[in-house]
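Participant: Just need the structure, nothing else, for what follows:
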Amino acid sequence: MLEPIKVGLESLNLITLAPMLITIVGGLIIMIIDLLNNKIHKSLYVMLTILVLFIDFGAVLGLNVNERGFFDVMLIDGISIISQLLIIGGSMIFTPLALTSKRFHEYSYPEFFALFLFMIAGFQFMVASDNLILIFVGLETASLSLYTLIALHNRSNSYEAAVKYFTMGALAAGFFAMGSAVVYALTGSVELYKVAEVLAGRMNETGLMITIFGSSVLLMVAFAFKLSLFPFHTWVPDVYEGASSPLAGYMSVVPKVAAFVVSIRIFGMYIDLGVEWVRWMILGIAVITMTLSNIMALVQNDVKRMLAYSSISHAGFIMAAMALDTSEGNTSIFLYYALFMFTNLGAFAMLWISRHKTRRFDIDYDHPYEKFAGFIKIMPMGAVVMALFMLSLAGVPPFSVFWGKIYVMQAAVNAGYVWLAVVMGLNSAIAAYYYLKLIVFMFLKDPIKDVDTIYYNLSKPLMVIIGFATFATIGAIFYVQPLLSYLYYMISASGY
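Facilitator: Numbers count the residues shown, from 1 in each chain. Next up is the predicted model:
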């Protein structure tokens, strides 16, 4: 008779689950409070959410590097800790924006904050595991919450955006499930480190490469949807346009950090095994993505859609760094997003300052360029801050994103891909045109008549967040080197 297997709490190492449990419990507490008293002001939920995120941030900082837990499905390595800190940090910047306006009524619902915390827990599960099943569970938890958050904006194009995102997300989930099934059929495991061990011993087998090709293509399609890469990027402008401006800014950074971490684990495994055509597939998609999205951004008439195509271009930029599969390349990904996060969220938040309930300037768009004409005369400080964000996104020194771009290009040159660095430089030059176009409208054009009918949202929380983003954008030169050293240490310690 078989003896029952005894599982001790020490072997489970439940501390690895602590960050996710904190956010899940926080979301449940918010829902319970609403059940007990549904007349509480939204500010309590905002404060509770920020408190939960602070505790979560501290819990992640307290984790040890290179530990496994909960039957070895949880993986706490350097990349896991860094990405969780970025996800929680970006969420902490976003949350206070809920205090800024009564127009976006979704912030008055406690369900918004509960779903927001569940979404963060999903992202954390994605980055803190190399088990394909748990990654899938985290991916769907985060995605289903995000679809609902977009629809809560309660406008016709918000519903349309949520449905488009749901449809594309469901398709991506299907491709991920099929790709994972092929990997399991091939190796008998869904743990990536075991998959790598099995494949390493069978690389000379006939027909293996065809199966690897099938699994990698299926998984690439899944993450091309999530990362808005060509040719699966078409949903992004419509979804960003339908979501509230701050949520669109949040979507352009945090979900992509989680998706990039999973991509590094999966495709880095293939490249480490010597499957070079996976590297070239990623490089090809990255170059096409950054180039095509830049060209599309040039012809946009709406600032929000321009920023949407801009975020696609930045994703392509980072995808190229992932293909390098070096410690320097992987470090550049996290440095880029740590710097890009403040600038991009600040730029989207600036769209919220000048808002109106009816489309006064254009029947099709909320934020046409004409809306910002003569902004320097209407709100001088606002125009200067928006110009700073645009210059940073364009990669103009010494602002934050410049350092991210230069380090990615340096990683490409050091890895022997000089042509890739040249392509990145040319794309940055193209991007400068449409960023400068907005600056020209703000500083050199005359204001449109009846501009005084626009309501300018100058609430203190919004001003504080934009001020913080501005400080981070300008002061990047002082914290790039220590941040870079920390990131490189954590990633190298984990063997990436």
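
Participant: Quick check: residue 49 touching residue 116?
Facilitator: Yes: assessed by CB atoms under 8 Å, residue 49 is found in contact with residue 116 at 6.6 Å. Quick note: C-beta positions are derived from backbone N, CA and C, even for glycine.

Participant: Quickly list what's touching both of those two.
Facilitator: Contact with both residue 49 and residue 116 is made by residues residue 95, according to CB atoms under 8 Å, 6 or more residues apart in numbering.

Participant: Who are the packing partners of the helix ranked longest in the chain?
Facilitator: Scanning the chain for the longest helix, with DSSP state H as the assignment, gives helix 156-187. Applying 3 or more CB pairs under 8 Å, 6 or more residues apart in numbering; DSSP states H and E, one finds that helix 156-187 contacts helix 132-151, helix 192-200, helix 208-226, helix 235-242.

Participant: Skip ahead from the helix or strand of the chain with the lowest mean pLDDT and say which helix or strand is next.
Facilitator: In the chain, the helix or strand scored least confidently by mean pLDDT, DSSP states H and E is strand 455-456, which has a mean of 55. As assigned by DSSP states H and E, the chain's next helix or strand after strand 455-456 is helix 460-474.

Participant: Can you show me the strands along this structure?
Facilitator: 67-69, 74-76, 354-355, 455-456 (DSSP state E).

Participant: ok, of the ones you listed, where does mean pLDDT dip lowest?
Facilitator: Of all the strands of the chain, the minimum mean pLDDT falls on strand 455-456 (a mean of 55).

Participant: quick revisit: now the longest helix of the chain and helix 235-242, what's the angle there?
Facilitator: 140 degrees (axes from the mean of the first three to the mean of the last three CA atoms, to 10 degrees).

Participant: and the angle for helix 156-187 with helix 192-200?
Facilitator: 50 degrees.

Participant: List the buried residues of helix 156-187.
Facilitator: By 16 or more other CB atoms under 10 Å, the buried positions in helix 156-187 come out as 158, 160-162, 164-166, 168-169, 172-173, 175-176, 178-180, 182-183, 186-187.

Participant: can you give me the mean pLDDT across it?
Facilitator: The average of the pLDDT scores along helix 156-187 is 84.

Participant: ok, now stretch 219-232?
Facilitator: pLDDT averaged over stretch 219-232 gives 85.

Participant: just stretch 372-380 next, same as before
Facilitator: 79.

Participant: ok, now stretch 241-261?
Facilitator: Per-residue scores along stretch 241-261 average to 83.

Participant: start to end distance for that stretch?
Facilitator: 26 Å (CA to CA, to the nearest Å).

Participant: picking that back up, and the helices and strands packed on helix 156-187 as CSV, adding mean neighbour count and distance to residue 484?
Facilitator: CSV is the format used below for those (neighbours: other CB atoms under 10 Å; distance: least, CB to CB, whole Å):
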stretch, mean neighbour count, distance to residue 484
helix 132-151, 21, 28
helix 192-200, 17, 27
helix 208-226, 19, 26
helix 235-242, 22, 29
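
Participant: Tell me which of the ones you listed sits nearest to residue 32.
Facilitator: helix 132-151 (17.9 Å; CB to CB).

Participant: Can you list the helices and strands that that closest one packs against?
Facilitator: Counting by 3+ CB pairs under 8 Å, 6+ apart, helix 132-151 packs on helix 110-127, helix 156-187, helix 245-251, helix 254-272.

Participant: May I see these organised as CSV, with distance to residue 386 added?
Facilitator: Converted to CSV, the helices and strands packed on helix 132-151 look like this (distance: least, CB to CB, whole Å):
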stretch, distance to residue 386
helix 110-127, 26
helix 156-187, 24
helix 245-251, 13
helix 254-272, 22
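
Participant: out of those, nearest to residue 142?
Facilitator: Taking those one by one with CB to CB, helix 110-127 is closest: 3.1 Å.

Participant: So which bits of that closest one are buried?
Facilitator: Quick answer for helix 110-127 (16+ other CB under 10 Å): 110-127.

Participant: quick check: mean pLDDT across it?
Facilitator: On average, helix 110-127 scores 88.

Participant: what's around residue 17, how many residues?
Facilitator: Residues near residue 17, counting by other CB atoms under 10 Å, number 20.

Participant: circling back to that earlier point, closest to residue 20 out of the helices and strands packed on helix 132-151?
Facilitator: helix 110-127 (4.8 Å).
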